[in-house]
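Trainee: Output the structure for:
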Amino acid sequence: MNIWNASDAKNRFGQLLDVARSEPVRIQKNGRDVAVVLSPEEFQRLTEMARSEPSPAVKALHERSVKRWAKVYEALAK
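Mentor: You can find the predicted model right below:
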């Protein structure tokens, strides 16, 4: 992933958009991440992935975790 500072992103916005078409670009200001620019296709892929059901393996692990740690979860919920 490319990392740009905010000033470069502002001054070279057209180039930033070109780069973001092929890979996400992390924007930093004062050394902290403030944004990520990515292509519409990558955004769509991530959105669809977030909406999809977890795999059966993930569901099974979650069920085992709930059974194993039920008392801890109940205590934390109080």
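Trainee: What segments of the chain are helices?
Mentor: For the chain, the helices defined by DSSP state H occupy 6-11, 13-20, 40-51, 56-68, 70-77.
Trainee: Just to check, Val19 is in contact with Val25?
Mentor: Yes - taking Cβ atoms under 8 Å as the definition, Val19 is a contact partner of Val25 at 5.5 Å. C-beta here means a position set from N, CA and C on the backbone, and glycine is covered the same way.
Trainee: can you list residues touching both of those two?
Mentor: Asn2 (Cβ atoms under 8 Å, 6 or more residues apart in numbering).
Trainee: okay, the two: which has more neighbours?
Mentor: For Val19 and Val25, the more surrounded residue by other Cβ atoms under 10 Å is Val25, and the numbers stand at 21 against 16.
Trainee: How confident was the prediction at Met1?
Mentor: Per-residue confidence at Met1 stands at 88 (pLDDT).
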